[in-house]
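1. After the sequence you'll find the predicted model.
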Amino acid sequence: MLAQQLVNGLVLGATYALFALGLTLMFGVLRVINLTYGFYFSVGALVALWLARSVGLPIWAVVLLGGVAAGLVAVVVDGVLLTRLRRTKAGELPSLMVTLGAVLALYSLSAIWLGTEIQRFPFDFVDSSAFEIGDLRISLVQILIVCVTFALVGLLFVLLHYTRVGLMIRALAENEDTARLMGINVDAIVIVVSFVSGLLGGVGGVLIGLNFNAIQPFMGETMMLRGFAVIIIGGLGDIRGALIAGVLLGMFEVLTASYISSSAKEAVAFGALVLTLWFRPTGLFGRKEVKRA
Amino acid sequence: QDTVTVGAVEILSGPASGYGIAIKSGLEMAMDEINAAGGVLGGKNLALIVEDSAGNKDQAVNAARKLIGRDKVPLIIGPTLSNEMFAVGPVSNGRKIVTIGTSTTAAGITAMGDYIFRTALPEADVIPVTFKTAKEKLGVKTIAMMYANDDAFAKSGFDSMKAAAEELGFEIATIETFGSKDSDFSAQLTKIKSLNVDAIAVSALVEPVAGILLQARQLGLPETVRFIGGNGSNSPRLGEIAGEAANGLLVGSPWFIAKKDELNQKFVTDFQARYNKAPDQFAAQAYDTMKIVAEAIDRAGSAESDKIREALLATDHTGVMGPFKFTEGRDPASAEGVVVLTMQGGKFEIFE
Amino acid sequence: MTTLLTVDSLSKSFRGVHAIRDASFDVTAGKVHGIIGPNGAGKTTLFNLISGLLEPTSGTVSLNGKDISALPPYARTQLGMARTFQNIRLFSEMTVIENVLTGMHIQLHTPFWRTLVPFAGAEEKQAKAKAAELLELVGLADKALTRSASLAYGEQRRLEIARALASDPKILLLDEPAAGMNPLETQDLAVLLKKLNERGITLLLVEHDMRFVMDLCDQITVLNFGKVIAEGEPAEIRSNSAVIEAYLGPKVAERLLKEASA
Amino acid sequence: MAEWLDDFFFTYETLIHGIGVHGLLALSMYCVMAVGQLSLGQAAFMGLGAYTGALLTLKLGLPFYVVLPASAFVPALIALLIGGPTLRLSGVYLAISTVGLGEVLRVIYINFESLTGGALGLSGIPMKASVSLIYALLLIALIMFWAVGRSRIGRAMEAMREDEVAAGVMGINVPVYKLGALIVSAMLAGIAGCLAAHSSSFIGPNEYGFETAVTILSFALLGGIGTPLAPVLGALVLTALPEVLRPLADFRLVINGMIIVVAILFLPRGVLPLRLRRSA
Amino acid sequence: MSDFLSVSGLRLSYGRTEAVKGIDLEVRQGAVVCLIGANGAGKTTTMRGLSGLLKTAAGSIRFCGEDITNAPAHKIARMGIRQVPEGRQVFAEMTVDENLSLGGLQVGDSADFRRRREAVLDRFPRLRERLTQHAGYLSGGEQQMLALGRALMGGPKLLLLDEPSMGLAPLFVEEIFKIVADLRQDGTTILLVEQNAQAALEIADHAYVLESGRITLEGPAAEVVNDPRVIAAYLGDH
Ligand SMILES: Nc1ncnc2c1ncn2[C@@H]1O[C@H](COP(=O)(O)OP(=O)(O)OP(=O)(O)O)[C@@H](O)[C@H]1O
Ligand SMILES: Nc1ncnc2c1ncn2[C@@H]1O[C@H](COP(=O)(O)OP(=O)(O)OP(=O)(O)O)[C@@H](O)[C@H]1O
Ligand SMILES: [Mg+2]
Ligand SMILES: [Mg+2]
């Protein structure tokens, strides 16, 4: 049982991490607590669902296009909601509030339009067979989720830390005006970052929607609390941190549920993770703000 | 005055709006039929104002207050959730306005006051029937139980399950909980799998139940392990989402879409034609409730709340759910109409 | 000649960077004491240790003979220490005068509910008068009601000084107060600081403007790579060969010598 | 005429209560934000107050004038306990760790069934919170905050909000102020929770989670935190808006959201962007 | 040739306060032009206007024959105008090395990039010692070196220096002026804002005096340095 529970924890943790990747990018770089992120997650899943059902596209195309659609929505939403605030240097909290209002409107609108009933991908859409090693079972989709999560973490890490674009992104994260003085086209980078984080959210939505077979407009909302926990515990804007915190959170929840009590799952998981914050006040990998007196 | 207006408070927006919208559909269809057939009180039209509660108890109370204070309705149908009802009940009861829950199955609802009714059959009446069937026809002895412990409806269903299980002498191998918005149940199911139970009883709304079924099969829980559902599992959506994974699930229901009687057949066809989707039990219960209300108004001979209340107590109606009466305590009188259904190939059928 | 501030074998390192190494010196009450040294020598770090923003790796800081090494910054302020910051840290949303009033925090005692009583704000009124005076002193009187973020750099520096003065310190730590000021403004600042010193405030000063330092200081400590490499009166310092090599450079030293003899 | 008034009052009673209670919650948010902290723990403190109050009334039958202070005391105690470690956190890190408090409490309410009723919550709480009591408390809180805001303490709080290090150097005892603000805000939230419980007759464990926490924060964000009146105004707007927009039926939440967006886009510092006047 | 940088009627404001009230400036290619003025005169504001960080309220800026009025800042930077901003503005959470790379973003050729980086590090050996340290932990003076080094990485045609000697030790102030002189030798044009007016005027070709947002005096640096008004107002009695 332990082996299976560890697999369960890993998969659950990977879904948390997958969800959190785009969020931490958006948060760490664009410095907005963007509550619309959950909506991009839903958009990815819903578009993919539509493509799979009505157009009959295969899985890889659906994942990709779902992600792209979410990325485009993210660019538009960011452009409409946040450019103005960014220009006036309004700070984190007003952008939180704007996205709060936007999320209310967007979810409600899509609920009116699409209904809130849970939908799923066609039954034969992915091979539902599972690998079995003794008692241990892991499905194809789960393997896909774990692999995609690790791959995306790797890609993103390389992008941010070893490429010119990454350098520009990090510079922008820190000081927009000075980034401009370096010849960085800030508006373009902002679009790139929004797109990439929307894309990550959308891909997460498709895969997690596939795994749990439950797609509806509000699916992103219920992930947000976990998502925030993961990016905070990992350290804002840190890709490795999101991965490790996600997996830890998943493991914690699963192990608590199986060996302590399922009703204590959330309390133990949250409690333990809050304790981590007490010992590392800026998360596992978050640096203390580099600021000297 | 040529119309009689009644009110309803349902969830029309937000994540749980599916339930409220189904109820609203049932109510409106019944209302139109009543009006087409000559209305109430000898020719007056029946009208309905549905207010949104967004699933929030304060908004539910605000909506009820608006219906009572502004629209002066004598009667309110709803609200959708038990939690909302616990907040609305004292207010409407205090104003002596009849309030009828069509979907609130938690314990203690009608105890709030003389004006609070419900047409939803409490789980306490349905579940023993299901469990008994499972014991007698499938020889179930040990069971595991799962429920959403943050949801009043699921919790109260679970309480009934536990009582029934003890009554029938089942051995309860474990009780596992989850959150009503969870989507991962692998930890609990893995644990249950290792306990070799005969059946798993689940009390929750349809979304988590579907997730549990899918993940159970995915984790290789043998098909011989039967799932027993509560009221939440009694929805055609279960088959749509969980598909084959739901095969063999047992659920007791006061209503069944394929029930052969003419009334029900007509309801299902009309509903399908009007809303372009199949009705669920929430719509069916709402449909019957509206009919019951119209009859009560006619019998009361007036649209005053007190008189409607008296008339309701004397209800003797046969609707799509079967024969219906209220108890002294304003709950549905009998669970005779309950049938045990099983899921096969994504559809419910009567369990033989 | 009483010693007001004693720094005793103080060290501070940051993950491998030894910013201060075993530094000791005394500051005499009523004097102007300068700290100079090349960029990165550890002057600001020293200030942070003295004012309590950093904890020393080892060593002690004493004020009036009392060991204050373990006290948090606010407690040191209450004992009569005030400072300015090299990289300006004003309360940028506040007006200029409010910045100064905030500096008076420890001197005000009126309980908050007195603000509800009309005409009961005598203390606050006095405080405002005093704040206005301080602004006058640093030449910002006409900007009292502007938001401090919209001041020009040099103005912000002067506001920092006014704010620090507001707590009526016995000793004032100034980290490059003349940076960003032109020679004339620097002269005005020197006049101001002299005036403060005459009022009995001991000054501990970090500055790279040598004319300013030599003109103002009674005693100078020179740091290099975190170590005290020289200490003495300005005359000794400007002819100290180690200081010339590490910090002043021959040209500046020569000019200083010329100016001193002129 | 009298009847009309009576109906009017009946219709909006819950809303009027709600606005008052939310006003108190907004002030409790203001209190922590005024010292530069971002807390999502206000909902948790509110829940503590609500459960404390409801239990004391239901189980022990204590009079309301005992219950109300007690429901301020319990959250204050918890604030004191968690205050030490959380003070080291800042910004969103603090916010999320205080969400953790709410989640832990939620699980406790759910699991301590015998006392808290579990998921079924506590019902039948007598409606003892009158409109006059709620608004009297709100008014007192407002006046207090206004007085504090105009005093040297208010200045110190604003200084901390802008630059903690510099504030410390000005002689402001930063940790004590932060802890004090957290405790006062917990007390206010507790009182608000107790009042809410005694004006709606039912409380459940899920009412004080992340969503409520964000809602309480949004009062302060929409209103602004320049003056204590601003967050209360934010609470008024955000509480009344869903009811005002009721005629829009399905679209009311859509429009509600868009109003928030537009308001903040044009008034990023809140709808009442003034600063408290201190120096003439 | 006089068309290298020319500014006419430039007005810049922050909200309702106008900080620069219509100034004309001319910078010839290869020259060092010095801008002096008291605190709050509008020197930094002018610099920010030139580099595109502030939108111009009125007037025009032409650079190398192109109208760059209100061009986006990154375009201006790519055209070869590099600013060393007041207060240094290094990227605190990035290493010294990364800061330098950001300065050289536009230098595609990596050999060229390495050559420049070496040149900068040779000039500021202190930076070489601190290459992997977060810039935010550098001392004030070290950050000033980094800001200058970063601008040099871009190979500027026109360098806008806003108080480059601020916070530097005397030895280094000399070094800075030497660098300015070197750069001019290499053909870089420099617009210099300095409080150390004496030294600045000594190396400058031309000078402008800014007072409350208006230019009150201009001329060859050698003349300005001897102007009694300038002496009285900026140079002090030494
Ligand atoms: N928090 C820190 N982490 C790492 N290194 C640090 C930190 N603070 C200071 N240093 C290093 O310690 C040395 C001393 O810095 P400090 O700021 O005290 O110098 P300074 O004498 O004030 O220089 P300047 O005259 O340029 O302001 C510098 O080399 C700096 O890089
Ligand atoms: N962000 C801002 N908002 C509003 N006003 C500002 C802002 N920045 C500067 N100012 C105002 O513009 C005027 C010019 O400021 P600027 O910074 O250009 O002066 P400066 O000549 O560079 O002075 P210094 O020598 O002190 O650096 C000043 O009066 C200042 O108060
Ligand atoms: Mg320094
Ligand atoms: Mg300037």
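-> Cool, the structure landed. Ligands and ions are numbered 1, 2, ... in the order given.
2. Residues of chain E that sit close to ligand 2?
-> E:14, E:17, E:19, E:37, E:39-45, E:86 (Cβ under 6 Å from any ligand atom). Using the backbone N, CA and C atoms, a C-beta is placed for each residue, glycine as well.
3. Now, of the residues you listed, which are buried?
-> By neighbour count, with 16 or more other Cβ atoms under 10 Å in any protein chain shown, the residues of chain E next to ligand 2 hold E:19, E:37, E:39-45, E:86 as buried.
4. Identify the residue with the minimum pLDDT among these.
-> Scanning those for pLDDT, the low point is residue E:39. It has 83.
5. Excluding chain neighbours, give the residue nearest to it in space.
-> residue C:154 (2.8 Å; Cβ to Cβ, 6 or more residues apart in numbering or on different chains).
6. now residue C:202
-> Closest residue to residue C:202 in three dimensions, ignoring its sequence neighbours and counting by Cβ to Cβ, 6+ apart: residue C:171, at 4.3 Å.
7. OK, contacts around the residue of chain C found nearest ligand 4?
-> Nearest to ligand 4 in chain C, going by Cβ to the ion, is residue C:153, at a distance of 4.5 Å. For residue C:153, the contact set (Cβ atoms under 8 Å, 6 or more residues apart in numbering or on different chains) comprises C:88, C:180, E:39, E:44, E:86-87, E:163.
8. Now with 6 Å, please.
-> Residue C:153 sits next to C:180, E:86 when contact means Cβ atoms under 6 Å, 6 or more residues apart in numbering or on different chains.
9. still on that earlier bit, which among the buried ones among the residues of chain E next to ligand 2 gets closest to residue D:78?
-> Distance to residue D:78, by Cβ to Cβ, is smallest for residue E:86 among those, at 47.4 Å.
10. Roughly how far does the residue positioned nearest the centre of chain E sit from residue B:201?
-> Centroid check for chain E by Cα atoms, centre = their mean gives residue E:161 as the closest residue, at 1.6 Å. Noted for residue E:161: a distance of 78 Å to residue B:201, by Cβ to Cβ, to the nearest Å.
11. Likewise for residue B:101?
-> Applying Cβ to Cβ to residue B:101 and residue B:201 gives a distance of 24 Å.
12. need the helices for the chain, in chain order.
-> No chain specified, so I'll use chain A. A:2-30, A:37-50, A:59-87, A:92-114, A:140-162, A:164-174, A:176-181, A:186-212, A:219-234, A:239-259, A:265-279 (DSSP state H).
13. wait, chain D
-> D:2-33, D:42-59, D:64-86, D:91-111, D:113-116, D:131-150, D:152-162, D:164-169, D:174-200, D:210-223, D:229-244, D:252-266.
14. Not counting residues beside it along the chain, what's closest to the one residue in chain E that gets nearest to ligand 3?
-> The minimum distance from chain E to ligand 3, using Cβ to the ion, falls at residue E:140 (4.4 Å). Spatial nearest neighbour of residue E:140, chain neighbours left out: residue E:167 (4.4 Å); criterion: Cβ to Cβ, 6+ apart.
15. on that earlier part again, next, the residue of chain C closest to ligand 4: phi, psi?
-> For residue C:153, the backbone dihedrals (degrees, to the nearest 10) come out as phi -50, psi -50.
16. Could you grab the helix/strand/coil label for residue B:48?
-> Assigned with DSSP: H, G, I helix; E, B strand; the rest coil, residue B:48 falls in the strand class.
17. got the contact list for it?
-> Residue B:48 makes contacts with B:6, B:27, B:31, as judged by Cβ under 6 Å, 6+ apart.
18. Those: which ones sit near ligand 3?
-> When Cβ under 5 Å from the ion is applied, no member of these is adjacent to ligand 3.
19. From the residues you listed, pick the one nearest residue B:286.
-> Distance to residue B:286, by Cβ to Cβ, is smallest for residue B:27 among the contacts of residue B:48, at 4.8 Å.
20. Secondary structure of that closest one: a helix, I assume?
-> Yes. Per three-state DSSP, residue B:27 lies within a helix segment.
21. Quick check: it touching residue B:288?
-> No. Assessed by Cβ atoms under 6 Å, residue B:27 is found out of contact with residue B:288, at 10.2 Å.
22. separation between the nearest residue to residue E:21 once chain neighbours are set aside and residue E:22?
-> Spatial nearest neighbour of residue E:21, chain neighbours left out: residue E:213 (4.0 Å); criterion: Cβ to Cβ, 6+ apart. Taking Cβ to Cβ as the measure, residue E:213 and residue E:22 are separated by 8 Å.
23. Give me the more crowded residue out of those two.
-> Taking other Cβ atoms under 10 Å in any protein chain shown, residue E:213 and residue E:22 do not tie; residue E:213 has more neighbours (23 against 16).
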